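S.K.: what follows is a predicted structure for the sequence shown.
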Amino acid sequence: MTDRLSDVLILGTGPAGSALALALKRAGIGNVLMIESSARPALRIGEAAAPGLGALLARLGLDERLERRGHRPCHGNRSLWGSDAPAMTDFMRQAQGPGWHLDRGAFDAWLQGEAGDAGVDRLSPARIEEAHWAAHRWRVRLRHGDDAMVLEARWIVDATGRPAAFARRHGAALHRLDRMIALAVLAEPAEGPGFDSYSHIEAAEFGWWYAARLPGGQAMISLMTDSDLARASGLFSAEGFAAAWQGTTEISRFAEPAAIVPAVFSAGTQFIDQAIAPGWLALGDALMAFDPLSASGITGAIEDAIAAGELLVQLLEEPAEADAKSLRGSYAARANAGLHRFMAEHRAIYAAERRWPESLFWCRRASYTARPASMPS
């Protein structure tokens, strides 16, 4: 007995999953279900979104004026990278408009709400216990709280983020290029010109720093380094993190260093080796999660979700197998191109910083950017 039917079952309710659900409903797909494994939202300190986000939201039929929802426009980056002299990147000289410093929790909740208003169903907490593919359908047993249910789905989308839980269970292998983490704290920002509307980036011997003023007024201070280097340097402790912060040139001017135990987030580059198969595809960080220096993040996730929605609309029409294979191939090729583009940009950006040639952190980046990467297929 089947409790319900879904055209598309989306695993994960982050920006990629919610944007895809909304795109599918806007395209007239009738039964779209999102599930989230935890009813408690993930800890989010804040996030910067690259220019172009507004135009993508408009394509989803959403209001692109994010300042009306309390988010802060970001007009560029101030960086100490490859030089002791600060350099400026001004977004206002570009055609895509400003970037954004987001209240990530509020942004995610807004997208989920818009998807719900469009008719997308959502179950939380819920998880897949079993999933079997037969006769062009998935038969899925779900656990929703204390209840079990069985549903059939024509397509399943893995938008579970870095775990890529479903894709890995169904044949995809995970490739990690590094073990970079983000150590992040909230602090009170200093007053000063340019601090309000710019992101701040500063390279250091053992990694690099990021700082921004969040919509609520606090400063987010984050250090990107490798997990083993953080452990060896005592950076997980309040005292060790504060000492490293004190040693910066610009970040310590942005906010007064304080002894605060940092929150720890995964920030390394990883990807799976299969983007799509008959009946399922991976999206967002489940497919590819990049070093945050790429600044792809939210903007890239929503752009990819729109592309996945356009693809699924065609695949749900059940084209001939040759045509379906070609459509799946186009999705894999798009993922390949995105990964190639990231690797080229990553190589160029990290190669520009040469002040610490003996640093293990920087030597590792030079090593893995020189290696060819296997690509999703």
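M.R.: Received the coordinates, thanks.

S.K.: C-alpha from now on. contacts and neighbour counts both.
M.R.: Will do.

S.K.: I'd like to know how far D117 sits from A21.
M.R.: To A21, D117 is 11 Å away according to Cα to Cα, to the nearest Å.

S.K.: tell me which of those two has more neighbours.
M.R.: Ranked by neighbour count (other Cα atoms under 10 Å), D117 and A21 place A21 first, with 33 against 11.

S.K.: ok, then the element right after the one helix or strand the more buried one maps to?
M.R.: A21 is part of helix 15-26 when elements are defined by DSSP states H and E. For helix 15-26, the following helix or strand on the C-terminal side (DSSP H and E) is strand 32-35.

S.K.: from M180, how far off is D196?
M.R.: Separation of D196 from M180 (Cα to Cα) stands at 28 Å.

S.K.: got any ranges where this structure has weak pLDDT?
M.R.: Across the chain, the ranges flagged by pLDDT under 70 are 1-2, 39-46, 92-96, 192-195, 368-377.

S.K.: pop the domain breakdown of it in here.
M.R.: Split into domains by automatic domain parsing, the chain comes to 4-46+103-177+270-346, 180-266.

S.K.: go through the ones you listed and name the closest to D63.
M.R.: With Cα to Cα as the measure, domain 4-46+103-177+270-346 is the member of those nearest D63 (10.7 Å).

S.K.: how far does the closest one sit from the chain's center?
M.R.: Mean-position distance between domain 4-46+103-177+270-346 and its chain equals 12 Å (Cα atoms, centre = their mean, to the nearest Å).

S.K.: longest helix anywhere in this structure?
M.R.: Ranked by residue count and defined by DSSP state H, the top helix of the chain is helix 321-351.

S.K.: chain center to that helix: distance?
M.R.: Offset of helix 321-351 from its chain centre (Cα atoms, centre = their mean): 16 Å.

S.K.: buried ones in it?
M.R.: Residues 324, 327-329, 331-336, 339-340, 342-343, 346-347, 350 are the ones in helix 321-351 that count as buried (16 or more other Cα atoms under 10 Å).

S.K.: next, give phi and psi for the nearest residue to F241 once chain neighbours are set aside.
M.R.: Nearest residue to F241, sequence neighbours excluded (Cα to Cα, 6 or more residues apart in numbering): L235, at 4.6 Å. Dihedral angles of L235 (phi, psi; degrees, to the nearest 10) stand at phi -80, psi -10.

S.K.: surely L235 is in contact with D228?
M.R.: No - the criterion here is Cα atoms under 8 Å, and L235 misses it with D228 at 10.1 Å.

S.K.: is I181 bridged to anything, and to what?
M.R.: T225, S266 (DSSP bridges).

S.K.: ok, it - how many residues close by?
M.R.: Per other Cα under 10 Å, the neighbour tally for I181 reads 22.
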